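Q: sequence plus predicted model, see below.
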Amino acid sequence: MNTSRLLKHWIFFLGIFCVFYGAFGQQQPKVVFSKKEQLAQQKYNEAVSMYEKGKTSEIHRILNEAISLHKNFKEAYFLLAKVQFENNQMDSVVKTLNSCAKFLRNKDSVYYLISLMYHQLKQYDNALDFAEQAIMENNGDYKLYCLRGSIHTSSGNYASAVRDFSKAIELYEYASEIYADRGLANYHSGDYVSAINDYSVAIKMDNLPAYYNNRAVVKTALKNYKEALEDCTKALEYDAAFYDVYINKGIIFLSSGDYVDALKEFDTYIDNNSNDYKGYNYRGVALNYLGEYEKAVQDFDKSIELNPNNVESYLNRGNTKELLRDVEGACFDWKRAALLGDKNAENYTEKYCK
């Protein structure tokens, strides 16, 4: 199942700067009073021109000079933070944005940006702290609750995520993605009925293939395989190139014991996503069920090659090697899976690998 679309790509974070304060190079004319402010504006204009031309080596210095001349020059702070972000200077981004927040009336937008960055970095405690500061500044903006809900989802606090998305819906009930996000949180918390209801509302608002695909995953968990396949079919009707659906269709067939059709779905997925380890792992499982152990091992090999930290493929390959009477090879894989945190692999190692 896909994670929340909110905060999904780094480019979204970069674009937020322009959303809040206008695209660089399209600043609104404004009156500049003091000599220092005039000099600050000139330096800022110089920095914008350099940024647009990709010449960023001197931008930090020029923008800091602009800020030293005009302490409340928010555009300079935000361009500086953007450049720092693009250069992976995350501590500097936070420092710059916090400095800007000191004189801004709407501090919530700055705290939102900082929280968003920390969320992308998977520093969930920091992300949560700034999201909560944003909400303290503005408790009527549904987007802030969506952000905090997404952080809770990422950190596994699904009950809190559901509450935040519910609050967001209370404030703004017209965005399908909020229902989809709450559906994801409900799914992970084990409340499958509520998850299906949320995805169904989202589908009524927007016929997006991802919503059908995700609802199919929930229905699979409920062993409602027929309706799950119908949702997968619907998703592909809207987007034939939405290849993640083939993974889910394969899992549905695996769950229902139809290993031949499962194999076909995983073949289709691999044909279109040959560099994704998941397809090989799942196809290996289908081949294992069909008794094609050597081919299964080859798929697990490929999956591990593409993702050496994929615990499932080590466990699955170990299980398949055990069926091939390769106890030494099985123990090697189980030990590796155990090191990666798999409890079943720990049990197998203790029981069979003396």
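A: Done, it's in. Residues are numbered from 1 along each chain as shown.
Q: which residue ranges make up each domain of this structure?
A: According to automatic domain parsing, the chain comprises the domains 1-99, 105-206.
Q: what's the mean pLDDT across the first one?
A: So the one you mean is domain 1-99. Mean pLDDT, computed over domain 1-99, is 75.
Q: sorry, back to before: need the domains of the chain in a markdown table (columns: mean neighbour count and distance to residue 270).
A: Any C-beta I mention is one placed from the backbone N, CA and C, and that applies to glycine too. Below are the domains of the chain laid out as a markdown table (neighbours: other C-beta atoms under 10 Å; distance: least, C-beta to C-beta, whole Å):
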| stretch | mean neighbour count | distance to residue 270 |
| --- | --- | --- |
| domain 1-99 | 16 | 19 |
| domain 105-206 | 20 | 26 |
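Q: reformat the ones you listed as JSON lines; add distance to residue 340.
A: What follows is those, written out as JSON lines (distance: least, C-beta to C-beta, whole Å):
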{"stretch": "domain 1-99", "distance to residue 340": "21"}
{"stretch": "domain 105-206", "distance to residue 340": "18"}
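Q: for those, which one sits closest to residue 290?
A: The closest of those to residue 290 is domain 1-99. By C-beta to C-beta, the value is 25.9 Å.
Q: need the contact list for the nearest residue to residue 341 once chain neighbours are set aside.
A: Spatially, and ignoring its direct neighbours in sequence, residue 341 is nearest to residue 311 (6.6 Å; C-beta to C-beta, 6 or more residues apart in numbering). Residue 311 makes contact with 337, 340-342, 345 under the criterion C-beta atoms under 8 Å, 6 or more residues apart in numbering.
Q: if you set the cut-off to 6 Å instead, what comes out?
A: Under the criterion of C-beta atoms under 6 Å, 6 or more residues apart in numbering, the neighbours of residue 311 are 337, 340, 342.
Q: take those and keep only those in helices.
A: If you go by DSSP state H, the contacts of residue 311 have residue 337 in helices.
Q: circling back to that earlier point, which one of the domains of the chain lies nearest to residue 233?
A: With C-beta to C-beta, the closest approach to residue 233 among the domains of the chain belongs to domain 105-206: 13.8 Å.
Q: quick one: that closest one to chain centroid distance?
A: Counting by C-alpha atoms, centre = their mean, to the nearest Å, domain 105-206 is centred 13 Å from the centre of its parent chain.
Q: now swap in stretch 231-240 and tell me
A: Here stretch 231-240 is found 22 Å from its chain centre; the criterion is C-alpha atoms, centre = their mean.
Q: equivalent analysis for stretch 315-325, please.
A: Centre to centre, stretch against its chain (C-alpha atoms, centre = their mean), the figure for stretch 315-325 is 32 Å.
Q: offset the numbering so it begins at 398, please.
A: All set: I'll call the first residue 398, so the last point we hit is now stretch 712-722.
Q: contact partners of that stretch?
A: Contacting residues not belonging to stretch 712-722 are listed as 681, 685, 690, 693-694, 697, 726-727, 730-731, 734, 739, 742 [C-beta under 6 Å, 6+ apart].
Q: drop anything exposed from the residues you listed.
A: 681, 685, 690, 693-694, 697, 726-727, 730-731, 734, 739, 742 (16 or more other C-beta atoms under 10 Å).
Q: now do stretch 596-610: distance from first to last residue.
A: 10 Å (C-alpha to C-alpha, to the nearest Å).
Q: that stretch: how far from the chain's middle?
A: Centroid displacement of stretch 596-610 relative to its chain, using C-alpha atoms, centre = their mean, is 19 Å.
Q: residues in contact with it?
A: Under C-beta under 6 Å, 6+ apart, the answer for stretch 596-610 is 399, 573, 576-577, 580, 611-612, 628, 631-632, 635-636, 639, 642, 645.
Q: other SSEs contacting whichever strand or helix holds residue 625?
A: In this assignment (DSSP states H and E), residue 625 forms part of helix 622-635. For helix 622-635, the packing partners by 3 or more C-beta pairs under 6 Å, 6 or more residues apart in numbering; DSSP states H and E come out as helix 606-618, helix 641-652.
Q: dump those helices to TSV, plus distance to residue 748.
A: Shown next, in TSV, are the helices and strands packed on helix 622-635 (distance: least, C-beta to C-beta, whole Å):
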stretch	distance to residue 748
helix 606-618	29
helix 641-652	26
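Q: just name the most buried of those helices.
A: Greatest average neighbour count among the helices and strands packed on helix 622-635 goes to helix 606-618 (a mean of 24), per mean count of other C-beta atoms under 10 Å.
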